[in-house]
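Asks: sequence below, structure please.
(2 chains)
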Amino acid sequence: MDIENLSELATLKFKHATFRKNLKERIEAQLSVAHNGGLFKATPELISFLSCWDNDEIYLEDSYLNPIKCERTVLLIKLKEAYQFAMNAWHVDFENSKKIRKATDV
Amino acid sequence: MSEGILIFAINSDIDYVAAATFAAKQAKQWLGLPATIITDETCLVPDGVFENVIRINDTTSTDRQFRTPNGTIVTTKWFNESRTRAYELSPYDKTLLIDADYFIYNDSLKCMFDTDTELACFDEINDIAGMTPNRNRISDISIPMFWATVVYFKKCEFSEAVFSFMNVIKNNWEYYSILYHFMNHNFRNDYALSIALQALSGYSTKNFCRLPGRLQTFFSQIGIKSVSKNGEIVYFTGDQINKVINTNIHCMNKLALPLFYA
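Replies: Here you go, the predicted structure:
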């Protein structure tokens, strides 16, 4: 590989990395769910925890460090929806980014 | 409870009203909320976009400089001092205050209206082009930075206090610039919000509510090549070209604003 090819590869890698970082930034914002006045992030951990819990009423700490009284099943549905939507969107856009083969492609 | 978008836009060399009109259309499309524009007596506001048009008399402008993608420095007039009146002027119980150059391309901010949050904003910025390190303090030795580009607030004692304090800071700008160790001749809403929020949160930045995600920003030296209706924005830095999709963005390259609303 000559220096021109190396330079183009470096540019392409920077481009991929920046695109994917911005994609992840967007997805992070889309994972937020409001419930009973609190704000929660749809994470696999929280979804798993709520799936395992027995009672339908539960007190959870939200993103602002406040304890929120939650209806487990209602919140679980909302979190799953947000998670699924965000991850699907991420996957679609991420796959599209693989099609960028040259530094001049967009 | 009434909910809506609030945008301040006063034209200078730059057509901020046109940008605000596009920003309102985007916000309505993604958040499904009514919009109010606050402008001056002379600006023409198109029909059918804003539910409310509030006219104010804002004659205090400052000169603002920014670097364009080709490296030149452009100076424009900037009418930004009436923004501290957002609380008193907002017709809504719950308000999303956005800059005229903040364009919404997804519904990630919608959830804020279903929370009990009194006031929230971004405390972190992300340079979309990945060229600029994050700036997280109002100066090297001062308090953390909060960004006034997007502020969610509801009508309550705390929000009223924040905007009142911002007004006090604006009226005593030189004093606060010395106290908080920043050098800036122009009034900055970001700095006033940072000082007010930090003090009124108990001189702590830990009692603060942040908006989901980070403030995604095109800095002024980032060129915009195209903006498509499906939410794809192609930008360039030097000879490098890249894009973002369906991302809420703050466009600081004022010369590129027509690409959005054209």
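Asks: what about the helices in the chain?
Replies: Using chain A. With DSSP state H, the ranges of helices along chain A come out as A:3-30, A:44-52, A:72-97.
Asks: meant chain B, my bad for not saying
Replies: Taking DSSP H as the test, the helices found in chain B are B:16-31, B:86-89, B:157-171, B:173-179, B:189-200, B:257-261.
Asks: what's the spacing between the first one and its chain's center?
Replies: Offset of helix B:16-31 from its chain centre (Cα atoms, centre = their mean, to the nearest Å): 13 Å.
Asks: report the mean confidence score over it.
Replies: Helix B:16-31 shows an average pLDDT of 97 in the prediction.
Asks: how about the third one?
Replies: In this model, helix B:157-171 has an average pLDDT of 97.
Asks: chain neighbours aside, what residue packs nearest to residue 61?
Replies: Using chain A here. Taking Cβ to Cβ, 6 or more residues apart in numbering or on different chains as the measure, residue A:61 lies nearest to residue A:67, with 5.9 Å between them; neighbours along the chain are not counted. Where C-beta positions appear, they are placed from N, C-alpha and C, glycine not excepted.
Asks: meant chain B, my bad for not saying
Replies: Skipping the residues right next to it in sequence, residue B:61 comes nearest to residue B:77 by Cβ to Cβ, 6+ apart, at 4.4 Å.
Asks: I'd say residue B:207 and residue B:201 touch.
Replies: Yes: in this structure, residue B:207 is within contact of residue B:201 by Cβ atoms under 8 Å, at 4.1 Å.
Asks: so residue B:251 sits against residue B:244, correct?
Replies: No: between residue B:251 and residue B:244 no contact is recorded; they are 11.3 Å apart, counting by Cβ under 8 Å.
Asks: what about the two, which has more around it?
Replies: Neighbour totals were compared for residue B:251 and residue B:244, and residue B:251 leads with 27 against 24 (other Cβ atoms under 10 Å in any protein chain shown).
Asks: looking at residue B:207 and residue B:201, which is more packed in?
Replies: Residue environment comparison for residue B:207 versus residue B:201 gives the larger neighbour count to residue B:201, 17 against 13, counting by other Cβ under 10 Å.
Asks: I'd say the more buried one and residue B:195 touch.
Replies: No: applying Cβ under 8 Å as the test, residue B:201 and residue B:195 come out as separate, 11.1 Å apart.
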